[in-house]
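sequence plus the predicted model coming up.
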Amino acid sequence: MAQPSRTATRLGQPAPFPPLALFDKDKSVLHALSKDPKQAAGKAARKLFPKPWFGARLFRRITIKHDLLHGREWTPDELDQAAERGNFPYRPSDLFLKMYADVLTCLTRRPLAGNVSPSLLGTSGTIPLSIVSTIPDIMRHYYDTIVLAEKEVFLVTNYWQPSDSVKAVSQALVDLSNRVGKRGGEKIVVKIMWDRGAFEQLVHNHAFVDEKTWVGLKLPAKNDVPNLSLEVINFHRPLLGTFHQKALVVDRRVALLNSNNIQDRPNMEMMVHLEGPVVDSIYDVLLLSWDEKFTPVLPCVTLPPVYPEPSSGEEYPYTFSDANPYLEHIDVTKAAKAARKLLSRQYQDVIDEEHQHAEEHLHVRQWWHRSGGDPIVSTPPPSSGASGGFANLVTNLLQKMREEKAHAASQGLAIGTAPTEEKEGESKEAEPLSEKSAKSSENGSNEESAPPVVVNHAEHVTFDPAPDIKILPGTPSNELEAVPLSVDEVTKSSTSTEANGSASTSSAAAPSSPPTVAPIALNGSSTENTPPPLSPTLEVPGTPSTAVSTKVGHDRQRTDSTASVRSARLIALSKALNAGALSKVEATIDDDHLIDDFKPHMIHKAHKPFPIAMVNRGPHGSPGHQDVRVAQDAAWLAGIRYAQSNVFIQTPTLNAKPIVRAIIEACTSGGKNGTGLEITLFLDLGFNDKGESIPFQGGTNEEVVFRLYDALRPLKKEKNLHVYWYTGKDQTKPLNAVHKSRNCHVKFMSIDHQCGIVGNGNQDSQSWFHSQECNILIDNAQIVQDWEDQLRTNQSTHKYGKVDTDGIWRDPVTKEALQPPEKISCFTAIAAMI
């Protein structure tokens with residue numbers, strides 16, 4: 001009887017949260033299928049979580065909407081209760097708990113308002129990798145993750161359109177099947193879901209796709225993947241309930257949550273790589289989405305969880321950087337591994353040489369100086385010199401590789417090719433992850449005798465060359481500066497280093513034929529990353545200066561050849577950003593130092609699992625804008641309402657009435673002192689203007705920006721709102737998305753640099769009220785600030801995209817305004833939607 005009195009805040013008011021029994025760890029769709037894997041997931045969900053009776057739902061419908069739109073002051077005791085309803089590794093921050101508490105109120109009306117089993121709503125996990133880049137970079141990671149599967153692959157997306165992206169997935173499945181055949185393993189179960197409207201969905205929302213249909217959409221035929229068991233569902237809830245989710249789960253071990261569909265578009269996108277208990281939460285979402293029986297059943301459903309629950313106290317050996325097998329094919333981790341091998345060999349060579357010298361010297365002393373003499377001590381290489389030399393060596397290797405790739409790109413040479421099926425004996429077979437994990441636990445590292453990678457910053461990776469040589473903060477930058485390693489650095493140098501075992505060979509050799517990589521023709525960041533200067537001249541001790549010595553620094557004299565190389569870097573970047581573009585454009589920036597900080601792959605600093613909440617919404621097919629009592633919408637509104645200093649949002653479209661109203665209220669009276677909150681919006685100019693011009697959708701981005709400033713200007717609060725039009729990294733002004741040259745499809749929100757929401761949902765009416773979306777809310781300031789930094793540096797929006805407080809963008813030099821967009825009629829918009 002004590003629990004109801006704790007959760008009821010006022011007499012006559014319903015409890016703000018569902019009862020604790022609803023969050024029992026054994027009460028989930030995943031757990032139900034583990035007991036009976038042959039039952040339909042939807043049937044299990046309806047049995048576990050029946051809807052409350054109509055009267056209760058109607059009453060809660062009113063109270064929940066009021067609390068979400070107008071706010072609620074949570075007491076410390078209520079925040080503690082919210083924390084009890086999540087399986088967190090520690091008590092989250094108050095900001096996170098306030099947002100989570102708003103999410104929990106939605107479950108009092110409908111337990112599946114979060115489109116996940118309540119016991120898996122509040123969870124934890126790690127994020128070793130984030131990608132902010134064009135679609136090919138993300139699809140490359142999809143490929144690398146799929147081919148490592150041991151039991152099952154579960155992929156869901158909105159659009160599935162024959163394209164290079166589809167080829168990447170299909171080739172991954174073919175290569176995975178070949179690997180399974182070579183190792184003689186059991187068939188791997190593959191489930192794929194997409195949303196391609198079909199008439200049968202009017203009767204049955206989940207329509208199974210036959211082999212003839214999926215082969216026409218460029219998935220491999222069953223005969224081409226004999227070691228896979230493939231099943232495909234086409235899901236849509238008419239009329240408007242779009243399946244907008246995009247995610248991949250492999251072996252219940254890793255989950256990828258991304259903004260892009262499986263198609264080719266000139267979009268900047270975002271993907272996060274998740275490990276830990278949160279993988280089971282996303283897995284549960286996919287099970288709910290499938291709804292039908294699995295034929296054959298998913299093998300991982302009946303297995304125990306890969307990751308222990310935080311409450312168990314059991315430690316799990318999470319891995320990061322090149323110790324993580326899923327990240328091995330990213331060039332920044334290749335660089336780490338190759339550099340450590342090289343350093344290990346060089347260090348051992350020095351020791352062997354000194355030992356030999358000592359023995360010879362000792363031999364002389366034994367025969368000619370039988371008495372007296374100083375003791376013979378082999379002097380180890382000084383720690384600062386060794387580390388500094390190593391840092392300089394890596395920097396020079398990266399610089400050399402970048403120049404070679406940029407030159408190749410400027411000459412029209414391929415920097416990579418699409419994935420190809422492995423030929424017999426051509427490549428080393430991937431070792432199963434289960435065996436890798438066991439070896440890693442035994443040896444303490446995936447790389448035998450290789451010293452560990454020390455990650456001091458997300459994008460700055462340094463290496464610990466030996467147990468007695470430490471790289472410490474505060475060391476002079478010209479000696480031990482952390483070496484920035486970005487996405488495509490040292491692919492060639494790592495290969496040649498392993499093959500030849502010498503620094504000079506790997507850095508001075510002429511470019512060999514480009515390595516075969518999958519599935520990208522020109523990786524989005526292969527040539528555009530130049531590390532910050534470490535010293536005016538970089539010399540590597542013990543290595544010929546002609547091989548690995550170069551000048552760096554922004555004040556150095558630039559020769560014609562250097563300028564040519566730098567122009568090649570801009571050409572390479574533009575080619576990468578033109579991936580999927582219908583109208584290809586060249587770089588308009590003239591100083592390629594402006595792209596030095598471009599980092600598509602963010603290798604996050606090693607960290608322990610942190611609190612995560614699933615903030616999703618299910619599909620709502622009926623017309624209307626009333627369905628806001630869902631976890632996703634509650635989290636977005638709560639983030640703006642509870643923020644104390646700032647909110648940052650990047651989204652392709654923003655027009656849903658609740659978010660527009662929340663922004664105006666926050667800029668007016670939000671924040672710690674109630675005098676207004678700083679809100680920054682990165683939006684796309686002209687993105688989906690036809691679709692957003694349909695009546696009741698909310699209007700285009702430009703129309704919404706005008707409305708926002710018109711509402712704030714009379715209140716003298718327009719300075720609290722900062723709007724920017726997305727500007728590509730190689731551009732000096734925004735480009736209208738109608739040209740399909742430089743678009744941004746990222747969906748992101750950060751609150752006070754402490755909490756972040758990332759996933760599938762846009763800030764438009766469709767995502768707010770109708771589409772099925774999957775997002776995560778995290779409570780980790782370091783990861784959130786990494787994301788903010790990565791988003792800022794991988795575009796030029798903050799430099800060139802600022803909109804004036806009258807809602808108009810003007811060129812900062814000429815003051816010329818962009819050409820106003822054409823008016824779109826209602827009939828044109830409806831025709832475009834159809």
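Sure, I can see it.

what about the nearest residue to Pro734 once chain neighbours are set aside, how many neighbours?
Nearest residue to Pro734, sequence neighbours excluded (Cβ to Cβ, 6 or more residues apart in numbering): Trp725, at 3.6 Å. No exception for glycine: its C-beta is placed from N, CA and C like everyone else's. Trp725 has 27 neighbouring residues, counting by other Cβ atoms under 10 Å.

try Ala662
23.

assumed it was part of a helix.
Yes. Ala662 forms part of a helix when assessed by DSSP: H, G, I helix; E, B strand; the rest coil.

mean confidence for stretch 258-265?
The pLDDT scores in stretch 258-265 average 97.

residue contacts, Pro619?
His236, Arg237, Gly241, Thr242, Phe243, His770, Ser771, Gln772 (Cβ atoms under 8 Å, 6 or more residues apart in numbering).

burial measure for the fifth one, as a count.
Residues lying near Phe243 (other Cβ under 10 Å) number 25.

ok, now the fourth one?
Burial of Thr242 is recorded as 21 neighbouring residues (other Cβ under 10 Å).

give the contact list for it.
Asn158, Asp195, His236, Pro619, Gln766, His770, Ser771, Gln772.

swap in 10 Å and give it another go.
158, 195, 197, 235-236, 619-621, 766-767, 770-773 (Cβ atoms under 10 Å, 6 or more residues apart in numbering).

quick one: those as TSV, columns for pLDDT, secondary structure and distance to Lys815 too.
TSV is the format used below for the contacts of Thr242 (pLDDT from 0 to 100; DSSP: H, G, I helix; E, B strand; the rest coil; distance: Cβ to Cβ, whole Å):
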residue	pLDDT	secondary structure	distance to Lys815
Asn158	98	coil	40
Asp195	98	coil	45
Gly197	86	coil	46
Phe235	98	strand	50
His236	97	coil	47
Pro619	97	coil	46
His620	96	coil	45
Gly621	96	coil	48
Gln766	97	helix	36
Ser767	98	helix	36
His770	97	coil	41
Ser771	98	coil	40
Gln772	98	strand	45
Glu773	98	strand	40
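
returning to what we had before: what's across from the residue nearest to Pro734 in the sheet?
Leu683 (DSSP bridges).

separation between it and Pro695?
With distances taken as Cβ to Cβ, to the nearest Å, Trp725 is found 25 Å from Pro695.

ok but Arg252 is inside a strand, no?
No. Counting by three-state DSSP, Arg252 falls outside a strand, being coil.

if we go by neighbour counts, what in stretch 167-181 is buried?
In terms of neighbour count (16 or more other Cβ atoms under 10 Å), stretch 167-181 has its buried residues at 167-180.

stretch 617-629 now?
Buried positions in stretch 617-629, judged by neighbour count with 16+ other Cβ under 10 Å: Arg617, Gly618, Pro619, His620, His625, Asp627, Val628, Arg629.

residues in contact with the fourth one?
What that stands for is His620. Arg237, Leu240, Gly241, Thr242, Gln626, Asp627, Val630, Trp768, Phe769, His770, Ser771, Gln772.

now, of those, which are buried?
Here, 16+ other Cβ under 10 Å leaves Arg237, Leu240, Gly241, Thr242, Asp627, Val630, Trp768, Phe769, His770, Ser771, Gln772 buried among the contacts of His620.

C-alpha coordinates for the helix or strand hosting Val285, PDB please?
Val285 is located in helix 278-290, with elements delineated by DSSP states H and E. The C-alpha coordinates for helix 278-290 follow below in PDB (Å, rounded to 0.1, in the frame of the first residue of the first chain):
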ATOM      1  CA  VAL A 278      20.800  -1.100 -25.000                       C
ATOM      2  CA  VAL A 279      21.300  -3.600 -27.900                       C
ATOM      3  CA  ASP A 280      18.600  -5.700 -26.300                       C
ATOM      4  CA  SER A 281      16.300  -2.700 -26.100                       C
ATOM      5  CA  ILE A 282      16.700  -2.000 -29.800                       C
ATOM      6  CA  TYR A 283      16.300  -5.700 -30.500                       C
ATOM      7  CA  ASP A 284      13.000  -5.700 -28.700                       C
ATOM      8  CA  VAL A 285      11.900  -2.700 -30.800                       C
ATOM      9  CA  LEU A 286      12.600  -4.700 -34.000                       C
ATOM     10  CA  LEU A 287      10.700  -7.800 -32.600                       C
ATOM     11  CA  LEU A 288       7.700  -5.600 -31.900                       C
ATOM     12  CA  SER A 289       7.900  -4.000 -35.400                       C
ATOM     13  CA  TRP A 290       8.100  -7.400 -37.100                       C
END
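
report the distance from it to the chain centre.
18 Å (Cα atoms, centre = their mean, to the nearest Å).

in the stretch 501-650 of the chain, where is pLDDT below threshold?
Low-confidence segments of the stretch 501-650 of the chain, defined by pLDDT under 70: 501-566.

for it, which segments count as strands?
Under the criterion DSSP state E, counting those that start in this stretch, strands of the stretch 501-650 of the chain are mapped to 537-538, 550-551, 601-603, 610-614, 646-650.

go on, the stretch 1-150 of the chain?
Going by DSSP E, counting those that start in this stretch, the stretch 1-150 of the chain shows strands at 122-134.

which of the helices and strands in the protein ranks last by mean pLDDT?
strand 537-538 (a mean of 27; mean pLDDT, DSSP states H and E).

so how far is Leu155 from Ala168?
Taken as Cβ to Cβ, the span from Ala168 to Leu155 is 12 Å.

now for the two: what residues contact both?
With Cβ under 10 Å, 6+ apart as the test, Ala168 and Leu155 both reach Tyr142, Ile146, Ile262.

what is the burial count for Pro118?
24.

right, and it touches Lys27 too?
Yes. With contact defined as Cβ atoms under 10 Å, Pro118 and Lys27 form a contacting pair (7.4 Å).

joint contacts of these two?
Shared contacts of Pro118 and Lys27 (Cβ under 10 Å, 6+ apart): Ala21, Leu48, Phe49, Pro111.
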